[in-house]
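Asker: 3D, please:
(one chain, ligands or ions: 1)
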Amino acid sequence: MRFAPSSIEAEPYPFAFDPAATALVIIDMQHDFLAPGGFGALLGNDVSLLTQVIEPLGAVLAAARAAEMMVIHTREGHRPDLADCPPSKLARGRLATPIGSPGPNGRILIRGQAGHEIVAALAPLPGEIVLDKPGKGAFYATDLELMLRNAQITSLVVTGVTTEVCVHTTIREANDRGFDCLVPGDCVGSYFPEFHEVGLRMIAAQGGIFGWVTTSDHLLAALGAERPVLTTTQGA
Ligand code: TIU
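Answerer: Residues are numbered from 1 along each chain as shown. Next up, the predicted model:
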């Protein structure tokens with residue numbers, strides 16, 4: 001069901017939301033960033049900090065699907081021969097197990113490997129766009145802008161991981177291309193809580209220099225959806 005345009009409570013001021021002209025972009029919710037043994041973990045990060053994004057983002061994804069919004073899932077990763085991996089990216093971090101090395105989830109950050117897949121709770125449906133990207137930004141070396149323009153999309157709801165890396169880079173790229181970006185803060189996550197918080201503030205500061213920040217609850221309300229009540233089975 002299509003929803004009429006509405007206004008969403010946000011920082012720095014209400015966001016003019018038209019679901020028909022807005023795409024939900026889900027950045028890199030892959031095992032390589034969320035599971036032990038992946039790229040994120042090998043960089044020295046605590047991956048458990050990211051899993052809290054899955055539940056609110058799952059509710060937003062369900063509501064966006066019900067509202068027939070365009071949905072785009074991105075994945076960061078490289079060709080098996082690493083032809084699309086800059087030598088600088090391969091060398092960065094002086095990792096003992098660099099991109100392409102075998103790991104518990106297959107070769108690290110390589111397309112087609114288990115670690116490269118999107119977590120099951122947010123798995124793409126047939127008809128949804130899955131965009132493989134070699135960089136941090138979703139516009140760099142991809143056909144994202146072409147697909148958005150063809151679909152007459154003017155605004156993006158940007159979600160996923162990590163707040164200050166791939167989410168921020170994508171928002172900055174989108175902003176310079178003239179797209180309005182709305183970020184539900186609980187639907188993005190970082191290995192660094194302080195970077196997450198400042199990353200969100202940087203988006204909405206200076207009159208919304210990069211975009212708007214809201215919550216999944218405000219976004220769900222605009223989509224006529226409610227957060228599912230989580231029930232626990234005690235004593236079972
Ligand atoms: N390391 C880190 O925070 N992020 C990435 O390398 N990629 C994404 O953010 N997807």
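Asker: and Ala21, how far from Asn150?
Answerer: Distance, Ala21 to Asn150, using CB to CB, to the nearest Å: 13 Å. Every C-beta, even on glycine, is put in place using the N, C-alpha and C of the backbone.
Asker: then Val119?
Answerer: 28 Å.
Asker: of those two, which one has the most company?
Answerer: Taking other CB atoms under 10 Å, Val119 and Asn150 do not tie; Val119 has more neighbours (18 against 9).
Asker: hmm, that one is touching Ile54, no?
Answerer: Yes - using CB atoms under 8 Å, Val119 is in contact with Ile54, at 6.4 Å.
Asker: pull up the overlap in contacts between these two.
Answerer: 29, 34 (CB atoms under 8 Å, 6 or more residues apart in numbering).
Asker: surely Glu68 meets Arg2?
Answerer: Yes - Glu68 lies in contact with Arg2 (CB under 8 Å); the separation is 5.8 Å.
Asker: more neighbours, the two?
Answerer: Glu68 (12 against 8).
Asker: can you tell me which helices and strands the helix-or-strand element of the chain with minimal mean pLDDT packs against?
Answerer: One helix or strand of the chain scores below all others by mean pLDDT, DSSP states H and E: helix 39-42, with a mean of 91. Counting by 3 or more CB pairs under 8 Å, 6 or more residues apart in numbering; DSSP states H and E, the packing neighbours recorded for helix 39-42 are helix 31-34.
Asker: which residues are in contact with the helix it packs on?
Answerer: For helix 31-34, using CB under 8 Å, 6+ apart, the contacting residues are 38-40, 47, 50-51, 54, 76-77, 105, 108-109, 114-117, 119, 161-162.
Asker: the residues you listed also near the ligand: which ones?
Answerer: Among the contacts of helix 31-34, proximity to the ligand is found for 40, 76, 161-162 (CB under 6 Å from any ligand atom).
Asker: what is the nearest of those residues to the ligand?
Answerer: The ligand has its nearest neighbour among those in Thr162, at 3.6 Å by CB to the nearest ligand atom.
Asker: which bits of this structure sit near the ligand?
Answerer: Counting by CB under 6 Å from any ligand atom, the chain sits next to the ligand at 28, 33, 40, 43, 76, 136, 161-162, 165-166, 191.
Asker: out of the residues you listed, which end up buried?
Answerer: When these are checked for burial by 16 or more other CB atoms under 10 Å, the buried set is 28, 33, 40, 76, 136, 161-162, 165-166, 191.
Asker: what count of nearby residues applies to Pro86?
Answerer: For Pro86, the count of nearby residues is 12 (other CB under 10 Å).
Asker: confidence score at it?
Answerer: Listed pLDDT for Pro86 reads 98.
Asker: try the one 4 residues further on
Answerer: In the prediction, the pLDDT value recorded for Leu90 is 97.
Asker: so which helix or strand takes in it?
Answerer: For Leu90, the host element (DSSP states H and E) is helix 87-91.
Asker: each with direction, which strands does whatever helix or strand comes next after that helix pair with?
Answerer: Downstream of helix 87-91, the first helix or strand assigned by DSSP H and E is strand 102-103. Applying DSSP bridges, strand 102-103 is found paired with strand 106-107 (antiparallel).
Asker: state the mean pLDDT of the partner strand.
Answerer: 97.
Asker: tell me where the chain has helices.
Answerer: 31-34, 39-42, 54-66, 87-91, 144-150, 168-176, 193-208, 216-222 (DSSP state H).
Asker: between those, which gets the lowest average pLDDT?
Answerer: Among the helices of the chain, helix 39-42 scores lowest, with a mean of 91.
Asker: can you list contacts of it?
Answerer: Under CB under 8 Å, 6+ apart, the answer for helix 39-42 is 32-35, 47, 50, 95, 97, 99, 103, 108-109, 115, 162, 191.
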